[in-house]
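Peer 1: Give me a model of this one.
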Amino acid sequence: MKYKYCPPFIIQKLIYGSRWSSTNPADGSGSKILLTFDDGPNPGSSELILSALENNKLKAVMFCVGDNIIKYPELTNEMIRAGHNLANHTFNHKQLPQISLKEADEQIGSFNRIIEENHGYKAQYFRPPYGKLSWKLPRLLKKHNLKNVMWSLMPFDFTNDLTLVKSVIKKYLKKDSLINLHDSNKSKDIIVDTINFIIDEADRRGFKIGEPAECLR
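Peer 2: Below is the predicted model:
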């Protein structure tokens, strides 16, 4: 059951070059929890997330979808102004194994071009939609100068089940957890409570929550 929420170590070892926790595998540095949010920006959930993070003086990685950046430029600007790290989650949230190399290249490249041209922002990180990895990915990441960032803890906030989320966090939260949350309508009803519960649980255990620059260096 643990592997449903935390990727198996053997998978992490096999997928070379991807970050699976906030501890740097090269030198062992890190050991702070990092919050990440997939699928935004999204009206109705992004505002809640930004407010909760601001109230707690936290920064996160926002794995955004390019099409949403075009639809909601002001929310994108708010994320940038707040000092969060905006990262590439493809243009249309397509699963990489199901599309051609050319289309995958366009999905990743279009995101980078749009956020740079429209917002003057250069993405550093990438996360594949649904976590679906592909043989295409290393080649494309090198071409677009991106680093792949996965996760070590998936609390399933998109199920809209706060009881489940709390149970997963209680069982599996570690001092260097790289947590995958969601900026979407599926999670918006519980996302603030989820963020606050992670903060409270981390504090109770003496864990620190870090910023993208220190956790992903």
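Peer 1: Closest to the geometric centre of this structure, which residue is that? Let me know.
Peer 2: The residue lying closest to the centre of the chain (Cα atoms, centre = their mean) is residue 36, at 3.5 Å.
Peer 1: Could you look up the SS state of that residue?
Peer 2: Each residue gets one of three states, and residue 36 gets strand by DSSP: H, G, I helix; E, B strand; the rest coil.
Peer 1: hey, what's it bridged with?
Peer 2: In this entry, residue 36 is beta-bridged to residue 61, residue 180, by DSSP bridges.
Peer 1: Do I have it right that it meets residue 178?
Peer 2: Yes - contact criterion Cβ atoms under 8 Å: residue 36 and residue 178 qualify, at 6.8 Å. The way it works is simple: take the backbone N, C-alpha and C, and place the C-beta from them, glycine included.
Peer 1: if I look at these two, which residues touch both of them?
Peer 2: Both residue 36 and residue 178 are in contact with 149, 151, where contact means Cβ atoms under 8 Å, 6 or more residues apart in numbering.
Peer 1: What segments of this protein are helices?
Peer 2: 2-5, 9-14, 46-55, 66-71, 73-81, 101-119, 137-144, 162-172, 191-205, 212-215 (DSSP state H).
Peer 1: So for residue 24, which of these sits nearest?
Peer 2: helix 212-215 (8.5 Å; Cβ to Cβ).
Peer 1: And the closest one, what's buried?
Peer 2: Neighbour counts over helix 212-215 (16 or more other Cβ atoms under 10 Å) mark 212, 215 as buried.
Peer 1: so what does that helix touch, helix or strand wise?
Peer 2: In terms of contacts (3 or more Cβ pairs under 8 Å, 6 or more residues apart in numbering; DSSP states H and E), helix 212-215 is packed against no helix or strand at all.
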